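Trainee: pasted the sequence and its predicted model underneath.
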Amino acid sequence: MMRADEPASVAVVGGSPEPSSASTVRRAAARADAVVAIDRGLDAVRDADIGVDVFCGDADSVSAEGAALVRAVEAAGDSAPFEIERYNPHKDDTDLSLALRAIRQRWGAPRLVCTCLSGGHPDHLLGVLGRLVSWEGPVELVEDAFEGRILHAGHSWTIEGAESRRFSFIPLSAACEVSESGMRWNLDHHPVDLLSDLGISNVIEGPEATITCHAGTIVCWTFH
């Protein structure tokens, strides 16, 4: 059960080598009750001029100014403005995996609003999806070019005010079943296989569109 001081949602600002714009980072943070910066994500948070609650990372990709801030906060002890989880660079897990563990240990499974996680390296992006697909709570993806959701069985995403935007979904598990409405090509409890391209490049055609995952897990995006 969530305590009164536990956030219902957490913004996760990742360390992508191609970070989102400051306005997008601010938009993601505005949807959340707490902010977790992962390594280079601390620079994105600083550029967006927003606060941070927890820094997670090995500080191997953060800027010199960000690294100096981490050291200063570590030295501040009980008066530190935010928490730090510093990791050894020679570790088996990614910083995102460890950050998700830190969030889970502190707050359970709040809704995640994720940004600065998708740019630069396709291998990292696939690893990001692999980690987020196992998160117990809802997951939102907020980037400059798109917004997205990870949907498990029984969950839907209703999209409003996005007429004419491109929309795509990709199954992240075997034996998915999906319905779509309000789009150029709609589906009704349609089976789709792992990583199928069936859901790529649809178009939202009405003032409201909905995608529902009946079985399995999918990731879906609407593109600005």
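Mentor: Received, thanks.

Trainee: which parts of the chain are helices?
Mentor: Counting by DSSP state H, the chain has helices at residues 22-30, 41-48, 64-76, 95-107, 122-132.

Trainee: most tightly surrounded among those?
Mentor: helix 41-48 (a mean of 24; mean count of other CB atoms under 10 Å). Glycine gets a C-beta too; all of them are placed from N, C-alpha and C.

Trainee: out of the helices of the chain, nearest to C213?
Mentor: Taking CB to CB as the criterion, helix 122-132 is the member of these that comes nearest to C213, at 14.5 Å.

Trainee: list the contacts of that closest one.
Mentor: 14, 16, 94, 96-97, 100, 112, 114, 117-118, 139, 150, 172, 219 (CB atoms under 8 Å, 6 or more residues apart in numbering).

Trainee: which non-adjacent residue is nearest the residue nearest the centre of the chain?
Mentor: For the chain, C114 is the residue whose C-alpha lies nearest the centre (CA atoms, centre = their mean; 2.5 Å). Leaving aside its chain neighbours, C114 sits nearest to V12 (4.6 Å; criterion: CB to CB, 6 or more residues apart in numbering).

Trainee: okay, strands next: where are they in the protein?
Mentor: Assigned by DSSP state E, the chain shows strands spanning 9-13, 34-38, 54-57, 83-86, 111-115, 139-142, 146-152, 155-160, 166-171, 176-181, 187-192, 202-203, 208-215, 217-223.

Trainee: just put those strands in TSV and tack on distance to T24.
Mentor: TSV is the format used below for those (distance: least, CB to CB, whole Å):
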stretch	distance to T24
strand 9-13	10
strand 34-38	14
strand 54-57	20
strand 83-86	24
strand 111-115	6
strand 139-142	6
strand 146-152	10
strand 155-160	18
strand 166-171	18
strand 176-181	26
strand 187-192	29
strand 202-203	23
strand 208-215	22
strand 217-223	14
